[in-house]
Each structure stands twice: as structure tokens, then as C-alpha cells.
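J.: based on what follows, work out the 3D shape:
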Amino acid sequence: MHPNTRQIKIQRNLVEKILKNESIRTICENLYGNKKINIFQEYQNRLRTKHMGIRIVKPNSPVSGVHAESNSSPGWDPVTLWCPLVGLDKKYTLRISPKSHKKKHPLNQIVKDKKYLAKAYSKKYLKKFKFHRPNMKVGQAIVFHPNLLHGGSSCKGTSCRVSVEIRIMREEHFVKKKNYYILPNKSKRKIRLSNKYLNKKYYN
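T.: You can find the predicted model right below:
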């Protein structure tokens, strides 16, 4: 289940706590300078602020390949906070390649795949990197750079993996409407969900 379809609104005090976290602020300042940041989550063809996505993965079910958020589309460079709720050991957790964010990943190594929004890299290219799935404790989260290679994290346990993800980005990359944001017209990113279920109550 993709986080575009199931989300939770984050309480205001928690939003402030996240955005003022020293580690997160340092990462964001290095990436974005002094630009105004916010928490964004895709919802069908729009972006909601102050929401986190919930991802549910069944054991051994298909998952997207290894990718980096920064190559998803121009202007899409979130700092991501990934936190497991169910499934804390390495059979369940996010697969990441430490220090891979320091490399410039070539676009010609992205494989064609219309099934997933994430743009996965070829197996040949990924042989250059080492991957790790950490054992985690309740309340711990992984905060990672938009250029970090991650994914291909199939659930190897006997239970479903449940996690939440929070994405922090610059407000200037999106167009603000009354109570939500949209992608700019020039954006090549497509949110692959129908908008026929849109309802104003989601944005109040």
C-alpha cells in the first residue's frame, strides 16, 4: 500500500519539533540554505502539508527497486524521515546504501519501469555499492539525504511491515493554493493516482 493513499495529519507541536530538530535543520540548511521548508505529502494530484504517509508491505510482496529521490523529477529533493511501526529488525527495515548520497548517480543507469513512481537503477550499477538494513528500536527513525540510494526493501518477515514517512522540502518548489499545494506546470513528475475521489474536506 502506497503512502499516497493512506496518511495521518501530524499534530502541530510535532511538526514544529521535527522542523526544529538540530540534525534535520543542519541537513536542510546544507541542502536548501535559508529557504522556507515544510512537510509535504503527495495526495492524489496535490500536496498536503503537515501529513505523513503510511506504508504497508506484505511479506515477500513486490516492491520498487533501489532509487534516489533526487532523480525522481526536477525540483523533487526531499529530506526523508522513515520510521518503522511494525517490523524493527533487518528482515523488515529500509535497505540503504551508506554514503551513496555523495555520488552523482547517472540517469542512463535508470531502468524503464512503468509500475512504480520511483526510478530504479540497474543491477549492474548497484553492484558498486554496499547496502545495509539496520536493526532498529521503537521510536527510532532513519533520516536520509535525497540522493541516498535506498529501496528494494522486500519484507522478509512473517508479518506485514508498517512504516511512516515524512518528507521535508522547500516551499518554493510548489505552487500554493488556498489550503494545499500543487506541482508547477513545468514539473515532469506525475502522481500516479486518480483525482476523481478528491474532496475538499481533506484540505481543511
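J.: ok, Pro78 - contacts?
T.: Phe40, Glu69, Pro146, Arg167, Ile168, Met169 (Cβ atoms under 8 Å, 6 or more residues apart in numbering). (C-beta placed from N, C-alpha, C; glycine too.)
J.: filter those down to the ones in strands?
T.: Phe40, Arg167, Ile168, Met169 (DSSP state E).
J.: ok, how many other residues are close to Asn108?
T.: Asn108: 6 surrounding residues under other Cβ atoms under 10 Å.
J.: would you agree it falls within a strand?
T.: No. Counting by DSSP: H, G, I helix; E, B strand; the rest coil, Asn108 is located in no strand; its state is helix.
J.: mind checking how far it is from Lys127?
T.: 16 Å (Cβ to Cβ, to the nearest Å).
J.: may I ask which of the contacts of Pro78 has the most neighbours?
T.: Ranked by neighbours (other Cβ under 10 Å), those are led by Met169, which has 25 neighbours.
J.: next, the closest residue to that residue other than its chain neighbours: phi, psi?
T.: In space, and not counting its chain neighbours, Met169 is closest to Pro78: 4.7 Å by Cβ to Cβ, 6 or more residues apart in numbering. The phi/psi pair for Pro78 (degrees, to the nearest 10) reads phi -80, psi 150.
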